[in-house]
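A.B. asks: Pasting the sequence and the predicted coordinates here, then a few questions.
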Amino acid sequence: MTAQDVTRAVSVITTGDGEVHHEHVYGTRKPELWWIFFGRRWVRLPINVYVIEHRDGLVLFDTGQDRAVVTDPGYYPDPITAFFYRHIFRDIHIGPEDTLPVQLEGAGYSAGQVDKAVISHLHSDHVGGIADIPQADLYAGEKGFDYMRGPNHPERQTVYRDRIEIPGAKWHMIPFAPTDDPAVVPFTEAFDLMGDGSMIVLPTPGHLPGSVSMLVRRGAAPPLLLVGDLTYDEQLLDRDQVGAVGDPAQLRETYAKVRALRKHTPDLIILPAHDPDAAQKLDESAVAQAP
């Protein structure tokens, strides 16, 4: 059985959008507080979720943002966090039609069909839909949970423990193991999510502790690398240009690994979590696959 046989379809849905500072995406040498409060250039980004239809079940990469961020006045855990994040993000639009269940229905699925969800990292716009898929096994990097449970105010990074460790959530720490698979060189650790080589989770640190990406193999179609917020645009990765969030040195080290992976897989399609062109890229790759 090949990846082509088991990976039946890959699509993208969007759980709303919003504007972030230009500096947040493209990086800056300006002091953080300066661009947060005085920056005047904004970039509108979608909040994407990738949906993989596999022979053995429906898999999500990330779960998007829940509507509570725009409907619940008490969404933020304390006034300081609320004050900062209302300056970092603006004009967030998440309508009733943008919830994970509604978006899945529009794509021809249901929330109850989701078997597994891989979470790229624990920022709130990636874990917002976990309450909508209580039956699903949730996979995340262990270092992300260590960070969330640590003393360094993870809520100031929109990592909210009470919205992640919810009752009944079926969390699993990703059991990375050494790999000598030449297809993922230079990565030396990986996790085979489905046990058949179709979805390989890779550690890609830098944006937030525990960040991961997932390589999706589709037989004759170009493989996909879902990278979360490692970068916001493939061109930024090519230019070694990191955003304002994360560890710049660690991000550039991971960038180099991804570029090396792409070098021996030249048809690799890199899909960030907030890529506005994700649907078009997936459509074009499906056309390329067709006989």
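C.D. replies: Happy to help now that I have it.
A.B. asks: Remind me what the helix or strand harbouring A82 packs against, helices and strands.
C.D. replies: Element membership for A82, per DSSP states H and E: helix 79-88. Under the contact definition 3 or more Cβ pairs under 8 Å, 6 or more residues apart in numbering; DSSP states H and E, helix 79-88 sits against helix 32-38. For glycine as for every other residue, the C-beta is placed from the backbone atoms N, C-alpha and C.
A.B. asks: and the next element down the chain from the helix it packs on?
C.D. replies: Downstream of helix 32-38, the first helix or strand assigned by DSSP H and E is strand 42-54.
A.B. asks: strands paired with that following strand, and their directions?
C.D. replies: strand 7-21 (antiparallel), strand 57-61 (antiparallel) (DSSP bridges).
A.B. asks: Check which residues of the helix holding A82 are buried.
C.D. replies: For helix 79-88, burial by neighbour count (16 or more other Cβ atoms under 10 Å) applies to 81, 84-85, 88.
A.B. asks: Including distance to E23 and pLDDT, could those residues go into a markdown table?
C.D. replies: Below are these laid out as a markdown table (distance: Cβ to Cβ, whole Å; pLDDT from 0 to 100):
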| residue | distance to E23 | pLDDT |
| --- | --- | --- |
| T81 | 19 | 90 |
| F84 | 14 | 89 |
| Y85 | 15 | 90 |
| I88 | 10 | 91 |
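A.B. asks: Among those residues, find me the one that's closest to Q65.
C.D. replies: Here the nearest of the buried residues of helix 79-88 to Q65, counting by Cβ to Cβ, is Y85; it sits at 12.4 Å.
A.B. asks: need the contact list for the closest one.
C.D. replies: Going by Cβ atoms under 8 Å, 6 or more residues apart in numbering, Y85 touches 76, 158.
A.B. asks: Check the spacing between it and H207 real quick.
C.D. replies: 17 Å (Cβ to Cβ, to the nearest Å).
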